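I'd like to go over a predicted model; first the sequence, then the structure.
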Amino acid sequence: MNSSASNRGNNPAEEWDVAVVGLGPVGTTLAGLLGKRGLRVLGVDREKGIYQLPRAGHLDHTILRTLEELGCLDEAFGETIPNTGMRLLDGNGQLLAEIRAQKLTPSGLPASVHFHQPSLDRTLRACVEKMPSVEMRNSSELVGLETDDGITLHIRSGSETRQERARFVVGCDGAQSAVRALGDIRLNDFGFTESWVVIDLILKDRVDTLPDNTVFGADPARPYAAIELPGMRFRFEFMLLPGETPEQVTTKEAAERMISPWLQPTDIHRIERSVVYTFRGASADSWRKGRIMVAGDAAHLTPPFLGQGLCSGVRDVTNLAWKLDHVLRYGAPFELLDTYQIERDPHVTNVITTSIELGKMLCVLDPDIARERDRKMLESGAAPDKRVTFKLGELVPGPLVLSGGGMFMISPPIDGIPLDDLVGQHFLVLAREDSDLTASAEWWKKIGAKVATLAELPTADNALEKWMDRRNARIMVARPDRYVLAAGNSLEEITDQVRSLLASP
């Protein structure tokens, strides 16, 4: 670990571009996305090292796409197993509803996988620590922030407190975020709170009594979840019943009793952890105050019933990284950073509210209410995969989501190389023909965009041309985070709407 910059904060001329507080998967991803762009990044975390117990367990294709951008997808993917979807069962094991994994994704990557978080954290850390402009420090706790024309961070390590200077600070430091507290940013609660015990097991061998995909049991006797994880691991989650305490449900005996319908003690190599979490929904009132920003659990808390908590955090920093880059390298105005919350907050709110709806459906303890719920679902006439629905959704229209935009751009192979890899961390301006590329194309090149025609990006099945045909568009602009900014017929019109937001005049 590089420690050569320990006194850098004494000289404002040597300030960091961005300080990232919290080096879990969200913070480390942000450090990597910025470091790969050549920005000078300081990452700090109060823990001694990578947290060695599993927490999050699900990644969707949007996160795999970000890992691909960082250059560590192949290594990370080796530590995952496919997730085929989620089944909701009643107390008798009858299927009430299901959410199936997508068969196709815009990037061509798998729709959904389960992973082991310590393994992913080690892969991310190894990837980012190789970047020469990034320094990562553990056992370093943020204890103060002062803002002027930059930010002074007071960082305590052992008995010593040092100062560092940064142009921006991003708190990725979890539900108890120091950055959020020091920045006087409040959380708005969604009014859902339930306590569950999470039991992570390492098995001796695969057991036929376990489900082979994610199962939620809407059993009024005790709602539960059962989730297969990589490496002979399995996770059970059980709702605490009225009157139960964390101390009562986290003993070895309690764990063995709750999992007894599926496993015997002789099936278990080790109980890796048994801990009570209080699931809640909340979102920050402001995701940015001046030069201070929050992301991941520091910005929002999501009940885990859709497996979207970590995914939402990584989508936050994928959105934020390229915008910080344009402010720092291309002189874009600070107002560009306002689009971070404008775009991410509605997206996250959809995830939180849908997860809460599923949680309320699941966390029913009254047998009569549960029977009525089951009857309505089974007699609805809808197919099981239509009884509960979740769609990630597109970005809402806004300053950087114009007509024809908001969805993820496809990434077909071009001579065997994914389009994402060819574009890299840049905008893509794609035109049907050279005649569609007006003088504005030169401005896009000045801010690092890749500019091409369909003829320059041939695909075996004309995927890009068909994509533009469906939108009746001659021009498409995709953003560095792989979302489409606009699809239309005039590059001049698109450029005029975003020029002042993306670069200095």
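Alright, I've got the coordinates.

in the stretch 101-250 of the chain, which spans are helices?
Applying DSSP state H, counting those that start in this stretch to the stretch 101-250 of the chain gives helices spanning 117-129, 178-182, 246-249.

Pull out the buried positions in the host helix or strand of I369.
Element membership of I369 [criterion: DSSP states H and E] is helix 367-378. Across helix 367-378, burial judged by 16 or more other C-beta atoms under 10 Å covers 370, 373-374, 377-378. For glycine as for every other residue, the C-beta is placed from the backbone atoms N, C-alpha and C.

can you check stretch 393-403 too?
By 16+ other C-beta under 10 Å, the buried positions in stretch 393-403 come out as 395, 399-402.

V401 contacts L485, correct?
Yes - applying C-beta atoms under 8 Å as the test, V401 and L485 come out as touching, 6.9 Å apart.

before we move on, what SS does H269 have?
Of the three states, H269 takes strand under DSSP: H, G, I helix; E, B strand; the rest coil.

Next, the angle helix 367-378 makes with the top helix by length along the chain.
Assignment by DSSP state H gives helix 335-362 as the longest helix of the chain. Helix 335-362 and helix 367-378 meet at an angle of 110 degrees, taking axes from the mean of the first three to the mean of the last three C-alpha atoms, to 10 degrees as the criterion.

Packing partners of helix 335-362?
strand 187-203, strand 214-218, strand 268-284, strand 288-289, strand 300-301, helix 309-329, helix 491-502 (3 or more C-beta pairs under 8 Å, 6 or more residues apart in numbering; DSSP states H and E).

all strands of the stretch 351-500 of the chain, in order?
Taking DSSP state E, counting those that start in this stretch, the strands of the stretch 351-500 of the chain run over residues 413-414, 417-418, 428-431, 450-453, 475-478, 484-488.

any chance of the ones you listed in CSV, with mean pLDDT, mean neighbour count and distance to V26 too?
Below are the strands of the stretch 351-500 of the chain laid out as CSV (pLDDT from 0 to 100; neighbours: other C-beta atoms under 10 Å; distance: least, C-beta to C-beta, whole Å):
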stretch, mean pLDDT, mean neighbour count, distance to V26
strand 413-414, 94, 17, 29
strand 417-418, 94, 14, 24
strand 428-431, 98, 25, 26
strand 450-453, 97, 18, 27
strand 475-478, 98, 26, 23
strand 484-488, 97, 24, 24
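
Using a markdown table, please lay out these together with distance to L120.
Shown next, in a markdown table, are the strands of the stretch 351-500 of the chain (distance: least, C-beta to C-beta, whole Å):
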| stretch | distance to L120 |
| --- | --- |
| strand 413-414 | 26 |
| strand 417-418 | 21 |
| strand 428-431 | 28 |
| strand 450-453 | 29 |
| strand 475-478 | 27 |
| strand 484-488 | 28 |
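
Just tell me which of these ends up closest to P82.
strand 417-418 (19.7 Å; C-beta to C-beta).

Parallel or antiparallel, which strands does that closest one pair with?
Strand 417-418 has the following sheet partners, assigned by DSSP bridges: strand 413-414 (antiparallel).

Most distant residue from the centre of the protein?
Note on the chain: the largest C-alpha distance from the chain mean falls to S435, namely 39.0 Å (C-alpha atoms, centre = their mean).

how is this protein carved up into domains?
The chain breaks down into these domains under automatic domain parsing: 8-84+108-188+281-355, 413-502.

So for the longest one, mean pLDDT?
Across domain 8-84+108-188+281-355, pLDDT averages out at 94.

on that earlier part again, if you compare the helices and strands packed on helix 335-362, which one is most tucked away?
For those, the largest average neighbour count (mean count of other C-beta atoms under 10 Å) is found in strand 300-301, namely a mean of 26.

if we can go back for a sec, could I get the helices and strands packed on helix 335-362 in TSV, plus columns for distance to Q94?
As requested, these are exported to TSV (distance: least, C-beta to C-beta, whole Å):
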stretch	distance to Q94
strand 187-203	22
strand 214-218	10
strand 268-284	25
strand 288-289	47
strand 300-301	32
helix 309-329	29
helix 491-502	52
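
Quick one: closest of these to S107.
Proximity to S107 (C-beta to C-beta) singles out helix 309-329 among the helices and strands packed on helix 335-362, at 12.6 Å.

CA atoms only for that closest one, dumped as PDB, please.
C-alpha atoms of helix 309-329 as PDB (Å, rounded to 0.1, in the frame of the first residue of the first chain):
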ATOM      1  CA  GLY A 309     -29.100  -2.700  -2.200                       C
ATOM      2  CA  LEU A 310     -25.500  -3.100  -3.400                       C
ATOM      3  CA  CYS A 311     -26.600  -2.900  -7.100                       C
ATOM      4  CA  SER A 312     -28.100   0.500  -6.400                       C
ATOM      5  CA  GLY A 313     -24.900   1.700  -4.800                       C
ATOM      6  CA  VAL A 314     -22.700   0.700  -7.700                       C
ATOM      7  CA  ARG A 315     -25.200   2.300 -10.100                       C
ATOM      8  CA  ASP A 316     -24.800   5.500  -8.000                       C
ATOM      9  CA  VAL A 317     -21.100   5.700  -8.500                       C
ATOM     10  CA  THR A 318     -21.200   4.700 -12.100                       C
ATOM     11  CA  ASN A 319     -23.400   7.600 -12.700                       C
ATOM     12  CA  LEU A 320     -21.300  10.000 -10.500                       C
ATOM     13  CA  ALA A 321     -17.800   9.000 -11.700                       C
ATOM     14  CA  TRP A 322     -18.000  10.400 -15.300                       C
ATOM     15  CA  LYS A 323     -19.700  13.600 -14.100                       C
ATOM     16  CA  LEU A 324     -16.900  14.300 -11.600                       C
ATOM     17  CA  ASP A 325     -14.500  13.600 -14.400                       C
ATOM     18  CA  HIS A 326     -16.100  16.200 -16.700                       C
ATOM     19  CA  VAL A 327     -16.100  18.800 -13.900                       C
ATOM     20  CA  LEU A 328     -12.500  18.100 -13.100                       C
ATOM     21  CA  ARG A 329     -11.000  17.600 -16.600                       C
END
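
and the angle for that helix with helix 491-502?
90 degrees.

Which residue, neighbours along the chain excluded, lies closest to F115?
Of all residues not flanking F115 in the chain, T80 sits nearest, at 4.7 Å (C-beta to C-beta, 6 or more residues apart in numbering).

What about that neighbour, how many residues nearby?
20 (other C-beta atoms under 10 Å).

Next: L336.
The number of residues packed near L336 is 21, by other C-beta under 10 Å.

likewise Q425?
Number of residues near Q425 (other C-beta under 10 Å) recorded here: 16.

Find the residue closest to F190 in space, skipping its chain neighbours.
G281 (3.4 Å).

just checking, T214 touches I227?
Yes - at 5.1 Å, T214 and I227 qualify as touching, with contact defined as C-beta under 8 Å.

Any idea what H114 is bridged to?
Beta-bridge partners of H114, as defined by DSSP bridges: H58, I81.
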